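In: here is my input, please return the structure:
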Amino acid sequence: MLTESQDESSADFASALATRDQLIAEYAAKSGVNLSRLLIATEPTIRTAMAPILMLLMRGAPPQIPVWDHASRVLGAFNDQSGADEFTSLSGMDAKNGVNLGFDGAGFDLDIIDEDSKIDINVPAQANSFSKQRLGQQLAGLFAGPQFDPLFSGHDADGQFSDRLSICGAIIDFIDPDQDADQSFCDPTNTNAQANGAEDGFYQSLPRPYERKNAALDSFEELHRVRGMSEDFWTTFIDPDPDEPRKRVVTVWGQGKVNVNSANPQTVLALVCSNVDPQQTLMCHDPAEAMKFLGAFSMVRMFTKGAPLFGTPEMFVKSMAGKGMFGTLLATIGVQPVIFKSEKFLIDQISTESKVFSIYATGHVKSGSRMTQTKIHAVVDFRAAPAPGMDTRTLATASAMQNAATQAAAAADPNAAAGTVPSPNAMTPIQAVMKPSPGGTILYFRVD
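Out: Numbering: from 1, shown residues only. Sure thing, here's the model as predicted:
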């Protein structure tokens, strides 16, 4: 009886400790997410302070500074001892001199990725021909290399033959709200891309039929439901390494335009090849030339230590044409200049500033030899975010609550509230809370 009681007590005690550590780790991860949102929100302030130096270097308006790439070191003062040491090495300041800084027995790891550095496959949800043509050409550029021919020469996971046009069209059809097939938008030789007939009933013919979403995807995993999405295709183009989201070249959370300053070289190559004649551009049909371009782009990024290369989309187009400092450097390395079919069409597809970010925060608690971890993935949209210190939600909520109280008082005692008139433009408390925050708007939040 004593042995059984001891075993039960030990098990209950271990369970309580694990639950406690898991809760601490979750809130450590949430702290990392909130601190990251604060850091991203302050980027315009940092950019303004560094504007004189950046304008001399870039010879124009200062570009966005990728402060999120250094989040772990900048926010180290609020982290555990190892994070505090990184902050000290970066700033020369000792975090021990601060008050209420850091974690005791817990900490967090951060990885922030701007989703605008990837190809946004949700643009067909805008239901216009331009958005479909833009995505179709970008996917065609991504699939163009001859090294990918084996992926499109056999049967897919559903037993169907799916070539490049079929899979590209299936992705667009799955997302766009209409009922027209859209393979023509994926043909780079078609200058008048139009919908060509009704979408097929493939999904209804499956053993377990389902409908196309015909709307923007809410999560990355929904792509598994698209026709032709085999495991080989998934690991090649969609998610090469689940543990390294930086290697992805597509996203479902972008703002539509690709940030060429932060996009990985493979995404940049897809953009270039989607706006040129593939047969006239060596890097788009010769694997050796493609590897040369990827290596040169990566080398330049390594030399600049993550600093933005292009101040404007026009500078990127100019550089790819072999002009300017960066274009001259690429030509010196052996990368041939490209001739774009329409520079304006390409400029409309790219940007030099990111607004949507994925924050991967891992909270950890070490208790003896046991390590407890909780992972949070949050996607935050800063497109409508006001500047820090201008939190319109607080003012709007106070105004809404005051207006609601006035209406309640008028309903209870019309004579007592005779001199007060509710504002005709006042919001309800729910509407006030939904206003944008300086920390951005959370689009996706997952705790593991």
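In: C-alpha only now, for contacts and for neighbours.
Out: Fine.
In: how about the contacts made by the residue nearest the centre of the chain?
Out: Centroid-nearest residue in the chain: Glu115, 1.7 Å away (criterion: Cα atoms, centre = their mean). Residues in contact with Glu115 (Cα atoms under 8 Å, 6 or more residues apart in numbering) are 251, 253-254, 354, 356-358.
In: quick one: the nearest residue to Gln160 once chain neighbours are set aside and Glu221, what's the gap?
Out: Computed as Cα to Cα, 6 or more residues apart in numbering, the closest residue to Gln160 that is not its neighbour in sequence is Gly228, at 7.5 Å. Going from Gly228 to Glu221 by Cα to Cα, to the nearest Å gives 15 Å.
In: between those two, who's got more neighbours?
Out: For Gly228 versus Glu221, the count of surrounding residues by other Cα atoms under 10 Å is larger for Gly228: 25 against 9.
In: my guess is the more buried one meets Arg164, correct?
Out: No. Applying Cα atoms under 8 Å, one finds Gly228 not in contact with Arg164, separated by 9.9 Å.
In: so which residues of the stretch 101-250 of the chain form strands?
Out: 106-114, 119-120, 250-251 (DSSP state E, counting those that start in this stretch).
In: now these in TSV, with mean pLDDT, distance to Gln138 and mean neighbour count?
Out: Shown next, in TSV, are the strands of the stretch 101-250 of the chain (pLDDT from 0 to 100; distance: least, Cα to Cα, whole Å; neighbours: other Cα atoms under 10 Å):
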stretch	mean pLDDT	distance to Gln138	mean neighbour count
strand 106-114	94	19	23
strand 119-120	93	8	26
strand 250-251	92	10	22
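In: quick one, which of those gets closest to Val276.
Out: Ranking these by proximity to Val276 (Cα to Cα) places strand 119-120 first, at 17.3 Å.
In: for the closest one, packing partners?
Out: Packing partners of strand 119-120 (3 or more Cα pairs under 8 Å, 6 or more residues apart in numbering; DSSP states H and E): helix 129-143, strand 250-251.
In: want to throw those into a markdown table with distance to Ala51?
Out: Below are the helices and strands packed on strand 119-120 laid out as a markdown table (distance: least, Cα to Cα, whole Å):
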| stretch | distance to Ala51 |
| --- | --- |
| helix 129-143 | 33 |
| strand 250-251 | 31 |
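In: which one of the ones you listed lies closest to Gly334?
Out: Closest among those, once you apply Cα to Cα, is helix 129-143, at 21.2 Å.
In: centre of the chain to the closest one, how far?
Out: 19 Å (Cα atoms, centre = their mean, to the nearest Å).
In: which parts of it are buried?
Out: 131-143 (16 or more other Cα atoms under 10 Å).
In: now for the contacts of Glu115, which pair is the farthest apart?
Out: Thr251 and Ser354 (13.3 Å).
In: give me the low-pLDDT residue ranges for the protein?
Out: 54, 56-60, 155-159, 182-183, 188-200, 306, 390-434 (pLDDT under 70).
In: quick check: what element follows the longest helix seen in it along the chain?
Out: Under DSSP state H, the helix in the chain containing the largest number of residues is helix 2-41. The helix or strand immediately downstream of helix 2-41 is helix 43-49, counting by DSSP states H and E.
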